[in-house]
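K.L.:
how would this look folded up:
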Amino acid sequence: MPTPKTPGPAEVRRILESRKIERVVVLGANGTMGYGSGALFTQAVPHVSFLARTREKAEQGLAAAIGQVRSPTVASRVDVGSYDDDLEREVERADLVFEALTEDFAVKKAMFDRVEKARRDDAVVATVTSGLSINELAEGRGDAFRRCFLGLHFFNPPNVIVGTELIAGRDTDPALVDFIEAFGAKRLGREMVRTNDTPAFAGNRVGFTVLNEAAQLAAELGPLLVDRIVGPYTGRAMPPLATVDLVGWDIHRAIVDNVYEGVTDEAHETLRLPDYMATLMERGVLGDKVGGGFFKRDGKTRLVLDPASGDYRAEADLPLPAMPHVDEVSELYAQGRYAEGMQIFLAASGDEAALARRVIAGYISYAFHRVGEVTPTINGIDRIMATGFNWAPPGALVDTMGPAAAVEMIEQAGLAVPAALLDAARGGPPARFFHHPTLNTGRYFVAA
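P.N.:
Down below sits the predicted model:
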């Protein structure tokens, strides 16, 4: 996929004037992604219809959307309905149909059967799938549907996280892709990143490789130690296993299974779901949504999962090994001395420090090796990791530690070094990998 040329202000205005989005239908409006996205659309669109299996569920979605964004605009611009009573009427009037159903190919296909019959030929149909193939979802559809069909992957919650992946199918009208990119950026305030139609696209492909590696490590080391080793000081808003709990084990499984089955790359086994997670999911362990995953609370006491038994123990009863480098790095970050903090991280002794470097080396190496496969340049991966996951972009980590140090860390981890990093370490271009007009990379270097 060639890197699209960034349009100037006059061209953006022309693109935005090429069509109108005045009526949006949200399918699956009772789910967190559905009502969150629906609330987002009310910022730019005068009429949004929340549809769910029943009117009552749609009303619950509206109430949740109002509570989430605390804006009277949501209630004034939304009506609600059910699939059985209202779908065809609402879809035939819609300029944009936004599908936010469960991450199940068959469920989405059945819904698109109904949407295709009711929609206008020029109506946009967007799916918020986190990684199912856009081309496969469009397979067998008519020309008019395929020209207007694309992926618009918001990250949860959409009113907070601005990173958004835009995924065109092979038959999607390029002018429509340009329009949705401009609409998302200018009307919805999104950080729009075009990605290729590959399993899990860019952000989840890279991010969930790290998250699943942490889940694999938890079988041996325990969740508490893993989240300390690969904690916020390594460049993320929250520790990895706490993130999996927040996302939901079922969503985590859907994403990693999709990538594991769909691609074979150098980190293939890192994307195999741990057996203990599959076993515990059968017992109802799904993360925060059901009150417990790797961690849960009993009153004020935080409990930690034992992956082998499925039992929980109080965090206070699980002492951690001394890791003085974590506090040293965090203190330097707090002073804005990010490069110095990174040098402490790179030089720290001990098995825990070595393991942390191995995980970060894998993150950087895997991201740079995906260039050309998931996005045209590292910039796309950097931006979605920064604004979709709130993680330090891989390019920014390399800039902060220096290309030569990054190469050494990756080599010590026994991983393949991307050619771009080797070239930079030898003095070749670029001087810096990460560039963004508004993002200060210091926000990603946080205390433990």
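K.L.:
quick one, domains of the chain?
P.N.:
The chain resolves into domains spanning 9-195, 203-283+321-444 when parsed by automatic domain parsing.
K.L.:
pLDDT (mean, whole number) over the first one?
P.N.:
Throughout domain 9-195, pLDDT has a mean value of 96.
K.L.:
now residue 223: how far from residue 281?
P.N.:
Look at residue 223 and residue 281: by Cβ to Cβ, to the nearest Å, they are 15 Å apart. C-beta: built from backbone N, CA, C; applies to glycine.
K.L.:
the more surrounded of the two?
P.N.:
Neighbours were tallied for residue 223 and for residue 281 using other Cβ atoms under 10 Å; the higher tally belongs to residue 223 (27 against 17).
K.L.:
and the more buried one, how far is that from residue 282?
P.N.:
Looking at residue 223 against residue 282, where the rule is Cβ to Cβ, the gap reads 19 Å.
K.L.:
next: residue 172.
P.N.:
If you measure residue 172 against residue 282 using Cβ to Cβ, the figure is 39 Å.
K.L.:
who has more neighbours, the two?
P.N.:
Under the criterion of other Cβ under 10 Å, the comparison of residue 172 against residue 282 puts residue 172 first, with 23 against 8.
K.L.:
how about the secondary structure of residue 26?
P.N.:
In the three-state summary, residue 26 is assigned as strand, counting by DSSP: H, G, I helix; E, B strand; the rest coil.
K.L.:
oops, could you answer that again for residue 51 instead?
P.N.:
Put simply, residue 51 is strand when judged by three-state DSSP.
K.L.:
now do the SS call for residue 192.
P.N.:
For residue 192, the reduced secondary structure class is strand; criterion used: three-state DSSP.
K.L.:
try residue 150
P.N.:
Local secondary structure at residue 150 is given as strand here, using three-state DSSP.
K.L.:
next, count neighbours for it.
P.N.:
Residue neighbour count, defined by other Cβ under 10 Å, stands at 23 for residue 150.
K.L.:
any idea what it is bridged to?
P.N.:
residue 126, residue 168 (DSSP bridges).
K.L.:
isn't it up against residue 134?
P.N.:
Yes - using Cβ atoms under 8 Å, residue 150 makes contact with residue 134 at a distance of 6.5 Å.
K.L.:
list the residues that contact both of those two?
P.N.:
Contact criterion Cβ atoms under 8 Å, 6 or more residues apart in numbering; residues bridging residue 150 and residue 134 by contacting each: 127, 167, 168, 169, 172.
K.L.:
quick one: the helices in the stretch 301-448 of the chain?
P.N.:
324-334, 338-347, 351-369, 378-387, 394-401, 403-412, 419-425 (DSSP state H, counting those that start in this stretch).
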